[in-house]
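S.K.: sequence and predicted model, in that order:
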Amino acid sequence: DQQVKQNSPSLSVQEGRISILNCDYTNSMFDYFLWYKKYPAEGPTFLISISSIKDKNEDGRFTVFLNKSAKHLSLHIVPSQPGDSAVYFCAASEGLPEQTGANNLFFGTGTRLTVIP
Amino acid sequence: NAGVTQTPKFQVLKTGQSMTLQCAQDMNHNSMYWYRQDPGMGLRLIYYSASEGTTDKGEVPNGYNVSRLNKREFSLRLESAAPSQTSVYFCASSLAGGFQETQYFGPGTRLLVL
């Protein structure tokens, strides 16, 4: 059963506009969330993360919002650029292994973002 | 600085054949991971090694074995390949243990089992 869900397989946005990628999770024990970006024929690369003690984290054009009560997070890219076209994966973990015994990082299925010039 | 390297890039196997996927990192990271990615699914953890000399099962370990050869290298072995193991395999590393650290991924190995 998929504990991290990205219900939109694809998204198209005009260059310069905002891209909003969404992610939902079911496990209330998740307390750390990451976004990875993946280009074709390459491995994923880390983009931005957020701890459950925060509701927002910003890094340049990228902002991640976390709504714990709704078990929902979103990644905002402003302004979107053609180089942002990639597959974006949301991932979640349950905490530090020595504290929780967590032994996995759970990934969503990905959203393919296309930024149209 | 190569980061995480994986060999081979692509492999075709027949059912029942064995092979080892190689992974090496040059970032002096302590932890290494093997994931598989199947169409329409996210990455799933097969095995990980929190530090040299230790290995642990992830979400989908059946049919695989791993060896943490040294701090740099972490190999994944398929003893008797099955069509269900057709997938793209990614190796990753992180500085220390834990799944709240940034992981650095290799380019992947595409495996086809006929």
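M.R.: Yes, it's here.
S.K.: so what's the residue nearest to the spatial centre of chain B bridging to?
M.R.: Of all residues in chain B, the one closest to the mean position by Cα atoms, centre = their mean is B:Trp34, 2.8 Å from it. Counting by DSSP bridges, B:Trp34 is bridged to B:Tyr47, B:Cys91.
S.K.: give the contact list for it.
M.R.: Contact analysis of B:Trp34 by Cβ atoms under 8 Å, 6 or more residues apart in numbering or on different chains lists B:21, B:23, B:45-48, B:58, B:64, B:66, B:74, B:76, B:89-92. Yep, even glycine has a C-beta here, placed from its N, CA and C like the rest.
S.K.: residue numbers of chain B in contact with chain A?
M.R.: With the criterion set to Cβ under 8 Å from any Cβ of the partner chain, chain B comes near chain A through B:4, B:40-45, B:48, B:50, B:56-59, B:90, B:92, B:97-100, B:102-108.
S.K.: go again using 10 Å as the cut-off
M.R.: B:3-4, B:6, B:9, B:33, B:35, B:37-45, B:48, B:50, B:56-60, B:88, B:90-92, B:94, B:97-108, B:110 (Cβ under 10 Å from any Cβ of the partner chain).
S.K.: just the residues you listed: which are in strands?
M.R.: The strands in this structure, assigned by DSSP state E, contain B:4, B:6, B:33, B:35, B:37, B:43-45, B:48, B:56-57, B:88, B:90-92, B:94, B:104-105, B:110 from the residues of chain B next to chain A.
S.K.: which of the residues you listed are buried?
M.R.: B:4, B:6, B:33, B:35, B:37, B:43-45, B:48, B:88, B:90-92, B:94, B:104-105, B:110 (16 or more other Cβ atoms under 10 Å in any protein chain shown).
S.K.: so after the least confident helix or strand in chain A by mean pLDDT, what's the next helix or strand?
M.R.: Every helix and strand of chain A was ranked by mean pLDDT, DSSP states H and E. The lowest is helix A:97-100, at a mean of 53. Downstream of helix A:97-100, the first helix or strand assigned by DSSP states H and E is strand A:106-107.
S.K.: other SSEs contacting that following strand?
M.R.: Packed against strand A:106-107, as judged by 3 or more Cβ pairs under 10 Å, 6 or more residues apart in numbering or on different chains; DSSP states H and E, are the following elements: strand A:32-38, strand A:86-93, strand B:43-49.
S.K.: the second one - contacts with which helices or strands?
M.R.: So the one you mean is strand A:86-93. Packed against strand A:86-93 by the contact rule (3+ Cβ pairs under 10 Å, 6+ apart) you find strand A:4-5, strand A:19-25, strand A:32-38, strand A:45-51, strand A:72-77, strand A:106-107, strand A:111-116.
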